[in-house]
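[1] mind looking at a prediction? Sequence and model below.
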Protein chains: 2
Amino acid sequence: MDRNAPVGIFDSGVGGLTVAREIIRQMPEEKIVYFGDTARVPYGSKSRDTVIRYSRQIIRFLLTKDVKAIVIACNTASAYALETVEKEFDLPIIGVIRAGALTAVESTRNGKIGVIGTEGTIGSGIYTEVMKQMNPQVQVTGKACPLFVPLVEEGLLHDSVTDEIASRYLSELKGRFIDTLVLGCTHYPLLRSTVGRIMGSDVTLVNPAYETAIELKGLLAERGLACEPGAAEADPGKYQFYVSDLADKFTAFATSILPKQVKETKKIAIEEY
Amino acid sequence: MDRNAPVGIFDSGVGGLTVAREIIRQMPEEKIVYFGDTARVPYGSKSRDTVIRYSRQIIRFLLTKDVKAIVIACNTASAYALETVEKEFDLPIIGVIRAGALTAVESTRNGKIGVIGTEGTIGSGIYTEVMKQMNPQVQVTGKACPLFVPLVEEGLLHDSVTDEIASRYLSELKGRFIDTLVLGCTHYPLLRSTVGRIMGSDVTLVNPAYETAIELKGLLAERGLACEPGAAEADPGKYQFYVSDLADKFTAFATSILPKQVKETKKIAIEEY
């Protein structure tokens, strides 16, 4: 495996860019190939079988770009597909769930943890399962928030309607006296201020995107796969973006989220992989 | 063509069931094969090419069920794909746009018509184009309402949040003094009372699902393709439902919308057609 090869990152759409952003911040020397499955977004309301099939196709595509490791930057795909695909493919693959779960278990003082996410992620019970394995004492309450993704995509990040919907979704978690809340969907860090205000300053918000970037950094260092400093500096293809639909719309959104301007996004026929 | 063969109906998901409901009401003797593309929903935010490719796959699937005619019960697919697929396939295919457009043009008194729909339908300009062909004098104002579908799917049909979002979306149309409004997405008839209250009783709401069922009835009669009375009466497979994902969830939703209980929905691999 070439240590100067790129890291592959994929998500159902644009949400995984919050993970790419953290990886670029924490590991500015790494090359990245990002794939957003914008033709088949959202994954949160799809079945396990379908999400596994889609994940396999995307990994096969990323392998054609000679990636050295893959980050599944989508909570639903991490919940449904990680365990299956890490057995099937011969390179390191990490999801966004374990790192976030570990931070939550280590952060909680009263043992009461909340998780918000899509119907797929919450329905899978994956966060509860992983956190209970780490510490059987913790009490985990999950809450699906299906309107958060469309509200973010409509740009209503700071809006009375988003406040009202968030208050409804979060009231059950407030009633459970949680002291730690996992933002279990890659879109949700963009609603961080709204969620933080409603939950109050005593509740610690955990952003799995941030924790996953730390996990990736450790993994690459441990396996001798971290990029040599400066190796990708002059590479015009340092950051590559691919989608399954609507490349121009993706480019605009990515430019608004990432620290650097995204020049080009290529559309590929993901069903053929 | 066998006049007692079923009618094929397809949509990106559950929305087209409002069209199936009208067809069942107006033509209780007809057999129906419905396909909902629940793995790839929504179509409203996808590109023209992708929607055409998906529509072709679905039509090839419906042809394996020996349908005598096809109704594209999805505004986005009607906008993007109808013109292409009606040239490619050798059976009658109708969409939901023409019938709704014609009713709106015939209903308006002041010539000012509004259309609400997904980003795909409104961005395509198809309603404006079709209505201008019917009467070049009409003024058409389109407005995309991207949160309506997620709000309906979250069950918030009568809710203060839906009222607030609808008021924002519709304020521009109220400012244009339209007297006729086309509900240009198959989910929207489920928000009819909210939209009607906000627009006021002077504005006529046009439901393309209803008008499309009338068009289908006329088409079948004209071509000698109407089912013989009683021919399908004892057929246990009179109404067949297929989806690309989450069959049980679809069955529950369909039972809540249709006049008869849906016993079974089959999941098929639509990408293979």
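    Yep, it's here. Since the structure is predicted, the reported quantities are computational estimates derived from the model, not experimental observations.
[2] what number of residues lie near the closest residue in space to A:I270 that isn't next to it in sequence?
    Spatially, and ignoring its direct neighbours in sequence, A:I270 is nearest to A:S244 (4.4 Å; Cβ to Cβ, 6 or more residues apart in numbering or on different chains). Every residue, glycine included, has its C-beta placed from N, CA and C. The number of residues packed near A:S244 is 27, by other Cβ atoms under 10 Å in any protein chain shown.
[3] what's A:S244 sitting at in phi/psi?
    Torsion angles at A:S244 (phi, psi; degrees, to the nearest 10) stand at phi -100, psi -10.
[4] who does A:Y242 bridge with?
    Beta-bridge partners recorded for A:Y242 (DSSP bridges): A:F35, A:K266.
[5] give the contact list for it.
    A:V33, A:Y34, A:F35, A:G36, A:F61, A:T265, A:K266, A:K267, A:I268 (Cβ atoms under 8 Å, 6 or more residues apart in numbering or on different chains).
[6] against A:F241, how distant is the fourth one?
    To A:F241, A:G36 is 7 Å away according to Cβ to Cβ, to the nearest Å.
[7] what sits in contact with each of those two?
    Joint contacts of A:G36 and A:F241 (Cβ under 8 Å, 6+ apart) are A:F250.
[8] and for A:R60, nearest residue in space, chain neighbours not counted?
    Excluding the flanking residues, the one nearest A:R60 by Cβ to Cβ, 6+ apart is A:Y273, at 4.3 Å.
[9] isn't that neighbour right up against A:S55?
    No: using Cβ atoms under 8 Å, A:Y273 is not in contact with A:S55, being 11.1 Å away.
[10] these two: who's more crowded?
    Using other Cβ under 10 Å as the criterion, A:Y273 and A:S55 rank with A:S55 on top: 27 against 14.
[11] okay, the more buried one: pLDDT?
    The model reports A:S55 with a pLDDT of 98.
[12] how close does it get to chain B?
    For A:S55, the distance to chain B (Cβ to the nearest Cβ, to the nearest Å) stands at 14 Å.
[13] what sits against that residue?
    A:F10, A:I72, A:A77, A:Y80, A:A81, A:T84, A:V85.
[14] now these as CSV including neighbour count, secondary structure and pLDDT?
    Output for those, formatted as CSV (neighbours: other Cβ atoms under 10 Å in any protein chain shown; DSSP: H, G, I helix; E, B strand; the rest coil; pLDDT from 0 to 100):
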residue, neighbour count, secondary structure, pLDDT
A:F10, 26, strand, 98
A:I72, 29, strand, 98
A:A77, 28, helix, 95
A:Y80, 27, helix, 93
A:A81, 26, helix, 96
A:T84, 14, helix, 97
A:V85, 19, helix, 98
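[15] tell me which two of those sit farthest apart.
    Maximum pairwise distance in the contacts of A:S55, criterion Cβ to Cβ, is 14.9 Å, between A:F10 and A:T84.
[16] helices along the stretch 151-273 of chain A, start to end?
    Along the stretch 151-273 of chain A, the stretches classed as helices by DSSP state H, counting those that start in this stretch are A:160-175, A:192-199, A:208-222, A:247-257.
[17] how about the residues of the stretch 151-273 of chain A by chain B?
    Counting by Cβ under 8 Å from any Cβ of the partner chain, the stretch 151-273 of chain A comes close to chain B at A:L151, A:E153, A:E154, A:S160, A:V161, A:E164, A:I165, A:S244, A:D245, A:L246, A:E271.
[18] ok, and the most crowded of those?
    Highest neighbour count within these: A:S244, with 27 neighbours (other Cβ under 10 Å).
[19] for it, list the residues it contacts.
    Applying Cβ under 8 Å, 6+ apart to A:S244 gives the contacts A:G36, A:D37, A:T38, A:A39, A:R40, A:K267, A:I268, A:A269, A:I270, B:T50.
[20] how many other residues sit next to the fifth one?
    For A:R40, the count of nearby residues is 23 (other Cβ under 10 Å).
[21] listing request: residues of the stretch 51-200 of chain A with sub-threshold pLDDT.
    By pLDDT under 70, the stretch 51-200 of chain A has no low-scoring segment.
[22] by proximity to chain B, which residue of it wins?
    Across the stretch 51-200 of chain A, the shortest distance to chain B (Cβ to the nearest Cβ) belongs to A:P150, at 4.2 Å.
[23] measure that residue to A:T251 for me?
    In this view, A:P150 and A:T251 are 21 Å apart by Cβ to Cβ.
[24] who has more neighbours out of those two?
    Using other Cβ under 10 Å as the criterion, A:P150 and A:T251 rank with A:P150 on top: 21 against 17.
[25] any idea where the strands of chain A begin and end?
    Ranges of strands within chain A are A:7-11, A:32-36, A:69-72, A:93-95, A:112-117, A:139-144, A:180-183, A:204-206, A:239-243, A:265-267, based on DSSP state E.
[26] give me the angle between the first one and helix A:208-222.
    Spelled out, that is strand A:7-11. 160 degrees (axes from the mean of the first three to the mean of the last three Cα atoms, to 10 degrees).
[27] orientation of strand A:7-11 relative to strand A:239-243 in degrees?
    30 degrees.
[28] and for strand A:7-11, what's in contact with it?
    Counting by Cβ under 8 Å, 6+ apart, A:16-17, A:19-20, A:23, A:30-37, A:55, A:58-59, A:62-63, A:65, A:67-74, A:77, A:186, A:216, A:220 sit against strand A:7-11.
[29] bridge partners for the residue nearest to A:E86 when sequence neighbours are not counted, pull those for me.
    Distance criterion Cβ to Cβ, 6+ apart; nearest residue to A:E86, sequence neighbours excluded, is A:I93 at 4.7 Å. Per DSSP bridges, the residues bridged to A:I93 are A:I70.
[30] how many other residues sit next to A:I93?
    22.
[31] tell me the contacts of the closest residue to A:N75 other than its chain neighbours?
    For A:N75, ignoring the flanking residues on the chain, the nearest one in space by Cβ to Cβ, 6+ apart is A:T121 at 4.4 Å. Contact analysis of A:T121 by Cβ under 8 Å, 6+ apart lists A:G44, A:N75, A:T76, A:A79, A:V115, A:Y127, A:A144, A:G184, A:C185.
[32] give me the distance between the fifth one and A:V105.
    Here the criterion is Cβ to Cβ. By it, A:V115 lies 12 Å from A:V105.
[33] those two - which one has more neighbours?
    Using other Cβ under 10 Å, the more surrounded residue of A:V115 and A:V105 is A:V115, with 31 against 21.
[34] test my guess that that one contacts A:I122.
    Yes: if you go by Cβ under 8 Å, A:V115 and A:I122 touch, sitting 6.9 Å apart.
[35] what's the overlap in contacts for these two?
    Common contacts of A:V115 and A:I122, defined by Cβ under 8 Å, 6+ apart, comprise A:G142, A:K143, A:G184.
[36] how many other residues sit next to the closest residue to the first one other than its chain neighbours?
    Read that as A:G142. Residue nearest to A:G142 in three dimensions, not counting chain neighbours: A:I122, with 4.3 Å by Cβ to Cβ, 6+ apart. Applying other Cβ under 10 Å, we find 25 residues neighbouring A:I122.
[37] ok, now which ones touch A:I122?
    Here A:I122 is in contact with A:V115, A:I116, A:G142, A:K143, A:A144, A:G184 (criterion: Cβ under 8 Å, 6+ apart).
[38] do the same with A:V203
    A:G114, A:I178, A:D179, A:T180, A:L181, A:G196.
[39] try it again with 10 Å
    Listed by Cβ atoms under 10 Å, 6 or more residues apart in numbering or on different chains, the contact set of A:V203 reads A:K112, A:G114, A:L170, A:L173, A:K174, A:F177, A:I178, A:D179, A:T180, A:L181, A:V195, A:G196.
[40] turn the buried ones among those into a named PyMOL selection, would you?
    The buried residues among these can be selected in PyMOL (16 or more other Cβ atoms under 10 Å in any protein chain shown) with this line:
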select buried, chain A and resi 112+114+170+173+178+179+180+181+195
